[in-house]
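J.: task: produce atomic coordinates for the following.
(chains A and B)
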Amino acid sequence: MFQTYFIKKDKEKILLGLKKRNFNKISIIDKIFFLDEKRKKLQSHLNKILEKENIISNQIGKILNSDLKNQFEIDFLKEKKLYLKKDKIIISDQLKKIIQKLKDNLDQIPNIPDEKVKKKSNDIIFQEKKYTSILDLEKPLPHWELSKKFNLFNLSLGTKICGSGFSVYMGKCAKLQRSLIQYFLDQNIKASYEEYVLPYLINENSAYSTGHIPEKKGQMYFIEKDNFYLIPTGEVPIMNFYRDKIFSYSDLPIRATTYTSCFRREAGSYGTKVRGLNRLHQFDKVEIIQIASSENSYDSFEEMILHVKNIIQSLKLPFRILRISGIDLGFSSAITYDFEVYSIAQKKWLEVSSVSNCTDFQSNRLKIRYKNKGKIKLCHTLNGSALALPRIIAVLLENNQTNTHINIPKVLIPYTGFDKIK
RNA sequence: GGAGAGAUGGCCGAGAGGUUUAAGGCGCACGUCUGGAAAGCGUGUACACAAAAGUGUGUCAAGGGUUCGAAUCCCUUUCUCUCCGCCA
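T.: Below you'll find the model as predicted:
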């Protein structure tokens, strides 16, 4: 959510940015200006009424404390206040309504895409061509076939326990997942991200603050009895951990990482997209975030991109990095780079990480700020996956298969304790 | 889940209807003193909204209420602590 003064200051820039997103409800901008003017007038009016009320109350106090308790004067003042009270109720009621309307309208405006972001094309900005032809098999098997062969995971068991889109990992595959989590966390910690273990359930306020309500409400599981949502990503609890904080400039950037399960309803998904481990209602992910000053957030962004790149490279997977177009850009993000690994068996690119700079859009709701030379400014927030588990597992299995076994990447062997799955 | 006690600034803590100002301390920042430092001493020290500014308004967990006037009284909710129950 933007602050109105920002929209006023940079109206042209904002209109241009919204165009990139195919955002058509431009009239909202003028509506916001209108409502804001009205809000200011009502606010001033109300303040004046309150001031008068305070003055009268204090006058009464003074009279009662003096030796001459003039009842006539007190009654006169009380009556004067009665009129003010009536006005106050009317004005504050109007003000409340205007503020709510203003907020409803502001909530609808997404973040403005960065200059580099194009309207329609997802530009490939990096491609790792190594490791794309390491298999000499004629017909490499997709991971769901490999699973049958090597007893790796079981989706129908997940369905039995819960429903479709939930999987059960077994034996060495379970350990492979745990090893990857440990490996990712270790890499993140080494890059000075502080690790946290956080709640998987969040309240309404948290979901709103990161922009998942109202924008993505339908994607989240909701527990009615206690008014909790299941986290769709670790970004939500970890960002809310910092909600309402004011950092000093020298504390920034903040780097944090967390491993969580993620829960997504994925309503409307179908077909090969959801085959095997490609898309699940519950999956595991290691998340990284940074909180930066407005001047340095793009350095943080570059740093995160490089970090994720290094991890994927260490697993020796073919991958590419895409700069996401305005139309595909998430609501809170100004710029997003997606990392996709290539599945040789599925002949498909699968997204395993998405690194975004949300600039000050998210921090305005989160009220994460910093103080520099006495001035308080909104921080910039950044988030990314390092990395999402199921698709990494799928591609690791597929790209490292032979006729008789699956090889484990070298960097993981200290974690798994075995070098192949037979 | 039951019973009781609480929630006050960055932190500790007083304030228990009324002198338009939330005391005092700690911490922090600046100044002063010093060869340099510590200790002193002095000054400052929340956030939001409105205004060109002096300033005004709101915020004592949150939301309502009583009152001319609420941090203070009443109601509801949330959270914390203690005891009991249940429990990995």
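J.: and the helix or strand harbouring residue A:63, what does it pack onto?
T.: Using DSSP states H and E, residue A:63 sits within helix A:27-65. Here helix A:27-65 touches helix A:4-9, helix A:11-20, helix A:71-107, going by 3 or more Cβ pairs under 8 Å, 6 or more residues apart in numbering; DSSP states H and E. (Each C-beta comes from the backbone N, C-alpha and C, glycine too.)
J.: and the helix or strand hosting residue A:337, C-alpha only, in CSV?
T.: Under the criterion of DSSP H and E, residue A:337 resides in strand A:335-343. C-alpha atoms of strand A:335-343 as CSV (Å, rounded to 0.1, in the frame of the first residue of the first chain):
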residue,chain,number,x,y,z
ILE,A,335,10.8,-6.2,-9.4
THR,A,336,11.0,-10.0,-9.4
TYR,A,337,13.6,-12.4,-10.7
ASP,A,338,12.4,-16.0,-11.0
PHE,A,339,14.8,-18.9,-10.9
GLU,A,340,13.8,-21.9,-13.0
VAL,A,341,15.6,-25.2,-13.1
TYR,A,342,15.4,-27.4,-16.2
SER,A,343,13.9,-30.9,-15.9
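J.: for the helix or strand following that strand, which outside residues touch it?
T.: Next along the chain after strand A:335-343, taking DSSP H and E as the criterion, comes strand A:348-357. Applying Cβ atoms under 8 Å, 6 or more residues apart in numbering, the contact partners of strand A:348-357 are A:114, A:278, A:297-298, A:300-301, A:304-305, A:308, A:312, A:319-320, A:324, A:330, A:332-343, A:380, A:382-388, A:391-392, A:394-395.
J.: dump the helices and strands packed on helix A:27-65 to CSV, plus mean neighbour count.
T.: As requested, these are exported to CSV (neighbours: other Cβ atoms under 10 Å):
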stretch, mean neighbour count
helix A:4-9, 14
helix A:11-20, 16
helix A:71-107, 14
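J.: quick one on the thing from earlier: restricted to strands, list the contacts of strand A:348-357.
T.: A:319-320, A:335-343, A:380, A:382-388 (DSSP state E).
J.: what about stretch A:260-275, how long is it end to end?
T.: End-to-end span of stretch A:260-275 (Cα to Cα, to the nearest Å): 23 Å.
J.: identify the bridge partners of the residue in the stretch 301-422 of chain A that RNA strand B sits nearest to.
T.: Of all residues in the stretch 301-422 of chain A, residue A:376 sits closest to RNA strand B, with a separation of 5.0 Å (Cβ to the nearest atom of the strand). Going by DSSP bridges, residue A:376 is paired in beta bridges with residue A:371.
J.: so it is in contact with residue A:245, correct?
T.: No. Between residue A:376 and residue A:245 there is no contact under Cβ atoms under 8 Å: 11.6 Å.
J.: more neighbours, these two?
T.: residue A:245 (16 against 9; other Cβ atoms under 10 Å).
J.: could you list the low-pLDDT ranges of chain A?
T.: A:67-69, A:131-136, A:268-274, A:374 (pLDDT under 70).
J.: could you chop it up by domain?
T.: The record's domain parsing of chain A by automatic domain parsing lists A:24-107, A:123-421.
J.: next one: the longest one to chain centre, how far?
T.: In terms of Cα atoms, centre = their mean, to the nearest Å, the centre of domain A:123-421 is set 11 Å apart from its chain centre.
J.: what about it, start to end distance?
T.: 37 Å.
J.: one more: stretch A:413-420?
T.: 9 Å.
J.: swap in stretch A:373-391?
T.: Using Cα to Cα, the two ends of stretch A:373-391 sit 46 Å apart.
J.: pull out the buried residues from that stretch.
T.: Within stretch A:373-391, the residues scored as buried using 16 or more other Cβ atoms under 10 Å are A:377-391.
J.: just stretch A:394-412 next, same as before
T.: Neighbour-count burial for stretch A:394-412 [16+ other Cβ under 10 Å]: A:394-401, A:406-409, A:412.
J.: out of these, list just those in helices.
T.: A:394-399 (DSSP state H).
J.: dump those residues into TSV; add distance to RNA strand B as well.
T.: Below are those laid out as TSV (distance: Cβ to the nearest atom of the strand, whole Å):
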residue	distance to RNA strand B
A:394	32
A:395	34
A:396	32
A:397	33
A:398	37
A:399	38
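J.: from the residues you listed, pick the one nearest residue A:421.
T.: Residue A:421 has its nearest neighbour among these in residue A:397, at 8.0 Å by Cβ to Cβ.
J.: residue A:318 and residue A:47, how far apart?
T.: Separation of residue A:318 from residue A:47 (Cβ to Cβ, to the nearest Å): 63 Å.
J.: out of the two, which sits in the busier spot?
T.: residue A:318 (21 against 11).
J.: hmm, the more buried one is touching residue A:342, no?
T.: Yes. With contact defined as Cβ under 8 Å, residue A:318 reaches residue A:342; the gap is 4.2 Å.
J.: how many neighbours does whichever residue of chain A sits closest to RNA strand B have?
T.: Residue of chain A nearest RNA strand B, by Cβ to the nearest atom of the strand: residue A:61 (3.0 Å). Residues near residue A:61, counting by other Cβ under 10 Å, number 10.
J.: repeat that for residue A:194.
T.: 11.
J.: give me phi/psi at it?
T.: phi -80, psi 130 (degrees, to the nearest 10).
J.: so what sits against both of residue A:376 and residue A:245?
T.: If you check residue A:376 and residue A:245 against Cβ under 8 Å, 6+ apart, the residues they both contact are residue A:369.
J.: first to last residue in stretch A:137-154, what's the distance?
T.: 25 Å.
J.: report the contact partners of residue A:309.
T.: By Cβ under 8 Å, 6+ apart, the neighbours of residue A:309 are A:126, A:321, A:339.
J.: would you say the first one is within a helix?
T.: No. Using DSSP: H, G, I helix; E, B strand; the rest coil, the assignment for residue A:126 is strand, not a helix.
J.: for residue A:8, see how far away residue A:236 is.
T.: 30 Å.
J.: and residue A:292, its phi and psi?
T.: Torsion angles, degrees, to the nearest 10, at residue A:292: phi -130, psi 170.
J.: contacting residues for it?
T.: Neighbours of residue A:292 in contact, by Cβ under 8 Å, 6+ apart: A:252-254, A:299-300, A:379-382.
J.: the same query, at a cut-off of 7 Å, please.
T.: A:252-253, A:300, A:379-380, A:382 (Cβ atoms under 7 Å, 6 or more residues apart in numbering).
J.: now, among those residues, which is nearest to residue A:93?
T.: Nearest to residue A:93 among the contacts of residue A:292, counting by Cβ to Cβ, is residue A:379 at 34.9 Å.
J.: perfect, that will be all.
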